[in-house]
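1. Output the structure for:
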Amino acid sequence: MADPSEHGCDTRQEPTTTGNTYPTTEDCIAMNTSTKTPLDHPALLEQSGMESEEIGQGVDIRQQPTASLQLEGIDEDSSSRERMQEYCSEKSEHGLCAGPGGGDTEHGLCAGLEVVSREDTEHRLCTGSGTIRNECAEYSKTEAQHRTNAAETVEKCIIKASDDDNGGEPPEELEEHIEMETATTVQHQHTYKLGQELKLLTGSWKEFDCNNYLRGCKWAPDGTCLLSCSEDKRMRLHNLPTELYSGVVDGLSEVTSVLTVPQGETVYDFCWYPKMSSWDSATCCFATCCKDHPVHLWDAFCHHKRASYVPHNHLDEVVAPHSLAFSSDGDKLYCGFPKCVRVFDTARPGRNCVTRSLCERRLGGQPGIISCIAMHPFTAGMYALGSYSCSVGLYSDSTEGPLMLLTALDSGITHMVFAEDGNHLYTGFRKSNLIKCWDLRYPGKSVYSLTREVSTNQRIYFDLYSHGRYLISGSTDSHIYGWDLLHLSGDESTPQRCLYFQGHSDAVNGCSVHPTLPLLATSSGQRTFNLPFSSSESDSDDDRSHPDNSIKLWSMLGKDAGAYEDLSRSLALNE
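-> Residues are numbered from 1 along each chain as shown. This is a model prediction of the structure:
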C-alpha cells in the first residue's frame, strides 16, 4: 500500500496518550507574550518526551544538530557550550535529535533536523547572516520605537477619513506627526541608490527545463537564502553565493538549490515565517498552500513537514486557500478563501481557526476569491485583501467591517505591497498594465498609476527598494521596470521611470528585493505550447520556442565599479 505522505496527505493522528493534549487558550496567550517562537510552547514540547525541568530551561532541541559546530563570531561561554553538547548527546540516545524519525515527528511538533551538510550549515548559521544581521540590529530598536508611535496615528487617520469635514482628509497635526515619524525612522536606515542598469551577478538555469517555468521567488527575512516555486510542483531553496560574503561580485558561478521540497499539487501561494533567522533553526520555516491540500509548514533546513493547518468547508471537506500571509509577529496565519478569510494560530496546528466573512448577501462586502494578502508594516492586526472580483479591502482584527473598500477596479488583484510608512498601498492587476498607488489617508482615489506590460493572467510580482524610494517590477515583455517614487515627471504627478532594460528573454514573473543589501532576485517563464508544425523556417528560431526559465541575481548599484566599495564592505566578513 502506498504511503499517503508521498501524495502530500496529512498523516498526523490525534494524540491519544493521557496528558498529551494540545495547549489551551491560556497557554497560547502566555506563549505569545514570551520570547519563545511558535511551536516551541512547553505544552507542545511535552509531547516529544521532554521533562518539565528541561522545558523550564528554555532549551529547544531542534536548534542544535547532532554534530558540534564551531561558529565564528559568536561569543559563547565554554561551560555553557559543554553543557549543551552533553545535553544533545544525551537526547540523541533517545532519538530526539536524530533527524528524521527522531522525537514525535509524526505530529509535526518537534521534528529533528537533518542538515544538508556540515559546511552548508556553518555557512548559513554563522558566516552567511552574521554581518547582515549585525547591520540591522543597530537601528532595529530605534526603528521599532518610532513605528510604535506612528501605528496608532495611522489607524486614527483611516477611521476618521470617512467622517472628516475636510472631504476625507486627515487633520494637519496627524499628517505632520506621521511624516515626522517616518522621516525619523528613515534616518536610521542605510539607503542605496539605484543604478541606471542592473548588473547580472549570477543565476540558476540548469535546474529548470523548457517546461518547468518559475512562478515567483522570495528572499528570506534574514536575506541568507532565496525560496522559489516552479511548475514541477517543487519548492527550491538557493543560498546566497558564498563569494559575496568575501566581497567578490565578479565571476560568480551558477547557484544550485540546496533544498528541494516536493508539493502534492500546483502551488497557489507561499510565504516565509516573518521572524526567520538562520541563527535560530526553530524559526527557519515557510508555509505553502496547494490545490486540494492543507496548508503545510516546512522546515527550511530539511524537507520535513513541521505542521499542517487544515481548513474545512461546510461539507467537512478539506479546502485549500488561494493566498497566505503571516502576521508581523508570526503568531497568526491568514488564509484567503472565496468571500472569507480564515485565521489560524501558528502554535496550534489542526483545523481550529477563526473565520471572518467578507461578503453577505444583503449587506454586501468584498466578494470573490481572495487572491493576495498584504500585512500592514507596523500596525498589528491590520491587513489588506485583494480579490479576483476587482476589489481591495482594508481590515483590522479589532473591527468587524472593513476600514476601507475599493470596488470596480480595472481587473482582478494579483499582488499588493504596503509602503514602508504604512500610508500607501500599491496594487497590481492581471491582464492590466497598471500598478496603482492608494493613499490610505484619502480613501477612494488613487494617487497615481505606474505603467508596465502585463498581458496574461499570470501573477507578476513587484517590490520596493531603498526603504520605499524605488519600486521594481517584472513584466510579461521580459523587461524589468523601475520608478523613483520621490521624483515626479512633469505636470502628471507620476513618478519618473528610472529603470527599463531586458532582464530575461521571457516573462519576468518574480521580483524580490533583498531585505538589507542592494540585490534583486528575478524569476522568469510562462506556460508555452509547442506547435506540431511551423509556418516557416524562421519560426524555429523564435524566442518562444526557447523559453527562458531561470533565476537571476542582480546588483542594484548598476555597472559602476566604484559603487561596489560600499557593497563589499557590507558583505566582507573579516573586515
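2. Can you pull out the low-pLDDT segments for this structure?
-> 1-192, 195, 490-492, 531-546, 559-575 (pLDDT under 70).
3. residue boundaries of the helices in it?
-> In the chain, the helices defined using DSSP state H lie at 25-32, 42-45, 52-56, 78-92, 118-122, 130-161, 172-187, 564-571.
4. what comes up buried for the biggest strand by length in the chain?
-> Secondary structure of the chain per DSSP state E: the longest strand is strand 479-489. Of the residues in strand 479-489, those scored as buried under the neighbour-count criterion (16 or more other CB atoms under 10 Å) are His479, Ile480, Tyr481, Gly482, Trp483, Asp484, Leu485. Every residue, glycine included, has its C-beta placed from N, CA and C.
5. got it, and stretch 238-248?
-> The neighbour-count check on stretch 238-248 (16+ other CB under 10 Å) flags His238, Asn239, Leu240, Pro241, Thr242, Glu243, Leu244, Tyr245, Gly247, Val248 as buried.
6. what do you get for stretch 500-508?
-> Applying a neighbour-count criterion of 16+ other CB under 10 Å, one finds Gly503, His504, Asp506, Ala507, Val508 buried in stretch 500-508.
7. Send me that stretch as CSV with only the CA atoms.
-> Output in CSV follows, covering the C-alpha atoms of stretch 500-508 (Å, rounded to 0.1, in the frame of the first residue of the first chain):
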residue,chain,number,x,y,z
TYR,A,500,14.0,49.8,-18.1
PHE,A,501,16.0,47.0,-19.6
GLN,A,502,15.6,43.5,-20.8
GLY,A,503,16.5,41.1,-17.9
HIS,A,504,15.2,37.8,-19.4
SER,A,505,14.1,36.5,-22.7
ASP,A,506,10.7,35.5,-21.3
ALA,A,507,8.1,36.9,-18.9
VAL,A,508,9.6,38.2,-15.6
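8. Contact partners for the residue lying closest to Gly381 once chain neighbours are set aside?
-> If the residues on either side of it in the chain are set aside, Gly381 comes closest to Asp397, at 3.6 Å by CB to CB, 6 or more residues apart in numbering. Residues counted as contacts of Asp397 (CB atoms under 8 Å, 6 or more residues apart in numbering) are Val343, Gly381, Met382.
9. most neighbours, which of those?
-> Neighbour counts for the contacts of Asp397 (other CB atoms under 10 Å) peak at Met382, which has 26 neighbours.
10. which residues touch it?
-> Applying CB under 8 Å, 6+ apart, one finds that Met382 lies in contact with Glu155, Met375, His376, Leu394, Tyr395, Ser396, Asp397, Leu403.
11. Gln502 versus that one, what's the distance?
-> In this structure, Met382 and Gln502 are separated by 38 Å, where distance is defined by CB to CB, to the nearest Å.
12. next one: Tyr309
-> 41 Å.
13. just Arg351 next, same as before
-> As it turns out, when the distance is counted by CB to CB, Arg351 lies 47 Å from Gln502.
14. count of neighbours near the closest residue to Thr456 other than its chain neighbours?
-> Nearest non-adjacent residue to Thr456, counting by CB to CB, 6+ apart: Thr476, 5.6 Å away. Other residues near Thr476 come to 19 when the count uses other CB under 10 Å.
15. Could you give the number of residues near Trp298?
-> Applying other CB under 10 Å, we find 23 other residues in the vicinity of Trp298.
16. Touching, it and Arg306? I think so.
-> Yes. In terms of CB atoms under 8 Å, Trp298 counts as a neighbour of Arg306; the distance is 6.7 Å.
17. overlap in contacts of those two?
-> Both Trp298 and Arg306 are in contact with Cys285, where contact means CB under 8 Å, 6+ apart.
18. What values do phi and psi take at the residue nearest to Gly381?
-> Its backbone dihedrals place Asp397 at phi -70, psi -20, with angles given as degrees, to the nearest 10.
19. Residue numbering should commence at 53 henceforth.
-> OK, 53 is where the count begins now, so the last one is Asp449.
20. Can I get stretch 438-451 as PDB, trimmed to CA atoms?
-> Extracted as PDB, the C-alpha positions of stretch 438-451 are listed here (Å, rounded to 0.1, in the frame of the first residue of the first chain):
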ATOM      1  CA  GLY A 438      -7.100  41.700  -2.800                       C
ATOM      2  CA  SER A 439      -9.800  39.800  -4.700                       C
ATOM      3  CA  TYR A 440     -10.200  38.500  -8.200                       C
ATOM      4  CA  SER A 441     -13.500  40.300  -8.300                       C
ATOM      5  CA  CYS A 442     -11.700  43.600  -8.800                       C
ATOM      6  CA  SER A 443     -11.800  44.900  -5.200                       C
ATOM      7  CA  VAL A 444      -9.400  45.800  -2.400                       C
ATOM      8  CA  GLY A 445     -10.400  45.900   1.300                       C
ATOM      9  CA  LEU A 446      -8.600  47.100   4.400                       C
ATOM     10  CA  TYR A 447      -9.400  45.300   7.600                       C
ATOM     11  CA  SER A 448      -8.400  45.200  11.200                       C
ATOM     12  CA  ASP A 449      -8.800  42.400  13.800                       C
ATOM     13  CA  SER A 450     -10.300  44.900  16.200                       C
ATOM     14  CA  THR A 451     -13.200  45.900  14.000                       C
END
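21. Show me which positions of that stretch end up buried.
-> Gly438, Ser439, Tyr440, Ser441, Cys442, Ser443, Val444, Gly445, Leu446, Tyr447, Ser448.
22. and which of these is nearest Leu461?
-> Proximity of the buried residues of stretch 438-451 to Leu461, judged by CB to CB, is greatest for Cys442, which lies at 4.4 Å.
23. Count residues in the vicinity of Ala399, would you?
-> 23.
24. Quick check: it touching Lys384?
-> No. Contact between Ala399 and Lys384 fails when scored by CB under 8 Å: they sit 9.7 Å apart.
25. quick revisit: the residue nearest to Thr508 and Gly480: what is the separation?
-> Thr528 sits 12 Å away from Gly480, taking CB to CB as the criterion.
26. Now do the shared contacts for the two.
-> Common neighbours of Thr528 and Gly480 are listed as Val506, Ile512 (criterion: CB under 8 Å, 6+ apart).
27. now the buried residues of strand 531-541 as CSV including distance to Met328?
-> As requested, these are arranged in CSV below (distance: CB to CB, whole Å):
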residue, distance to Met328
His531, 31
Ile532, 26
Tyr533, 28
Gly534, 27
Trp535, 29
Asp536, 30
Leu537, 28
